[in-house]
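> below: sequence and its predicted model.
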Amino acid sequence: MKKILFTLLPCCAMLCSCVEKNTEALFTEATLTAVLPDSLQMVRFQATAVFTNANTRRSVSSSDFRDGVLAIRLQKGIYSIKIGSGSTVEYIVKSTGESHMRQVTADARAALLRDAESVSVDLLWYENAVSGSAGADR
């Protein structure tokens, strides 16, 4: 009986170590969308978004926005999302057709816990328009 037990024990240990771990379940495909008011149409958006995980404090940044949308793969978790200084948006006022460029910022928190998540952030204006833009925006 002991001989069978000593034979089965290493076999069980080997089988347990062969279990495949699914690391894909640890990540989410996140989409971040920069949002302007309905009266404005985005022409160009240049920014860096920084995602900081609330648990690990690890930060990941990306500037790969396409038409105001950023797709990024992150570890699942709760994130602080910041679009910071140096970010600019060029836009057209729909009612007048006037073109403007402004510095913008954004700040949000999001739970990115599913395999795919979408987050929208409202862009906030800096006080001064970027040089070369015409007047105040309404």
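Structure's in. What do you need? Here the structure is a predicted model, which is why all the values come from computation and not from measurement.

> going forward, measure contacts between C-alpha atoms and count neighbours the same way
Fine.

> return the distance of the residue nearest in space to the middle of the chain relative to residue 118.
The residue lying closest to the centre of the chain (CA atoms, centre = their mean) is residue 32, at 4.8 Å. To residue 118, residue 32 is 6 Å away according to CA to CA, to the nearest Å.

> residue ranges in this protein under the pLDDT threshold?
Within the chain, the segments meeting pLDDT under 70 span 1-22, 127-138.

> just the helices in the chain please.
Taking DSSP state H as the test, the helices found in the chain are 2-17.

> is the residue nearest to the centre of the chain bridged to anything, and to what?
residue 70, residue 119 (DSSP bridges).

> now do the contacts for it.
Applying CA atoms under 8 Å, 6 or more residues apart in numbering to residue 32 gives the contacts 69-71, 118-121.

> what's the farthest-apart pair in these?
Greatest spatial distance among these (CA to CA): 71 and 121, at 13.8 Å.

> okay, residue 53 and residue 37: tell me how far apart.
In terms of CA to CA, residue 53 sits 28 Å off from residue 37.

> looking at these two, which is more packed in?
It is residue 53, of residue 53 and residue 37, that has more neighbours when counted by other CA atoms under 10 Å, with 22 against 10.

> how near is the residue nearest to that one when sequence neighbours are not counted to residue 126?
Excluding the flanking residues, the one nearest residue 53 by CA to CA, 6 or more residues apart in numbering is residue 79, at 4.6 Å. The span separating residue 79 from residue 126 equals 24 Å under the rule CA to CA.

> buried sites along stretch 111-125?
Across stretch 111-125, burial judged by 16 or more other CA atoms under 10 Å covers 112-113, 115, 117, 119, 121, 123.

> which among these gets closest to residue 46?
residue 123 (12.2 Å).

> the closest one contacts residue 35, doesn't it?
Yes - Residue 123 is in contact with residue 35 according to CA atoms under 8 Å; the separation is 6.0 Å.

> looks like the residue nearest to residue 53 contacts residue 112 (just checking).
Yes - counting by CA under 8 Å, residue 112 is a contact partner of residue 79 at 7.2 Å.
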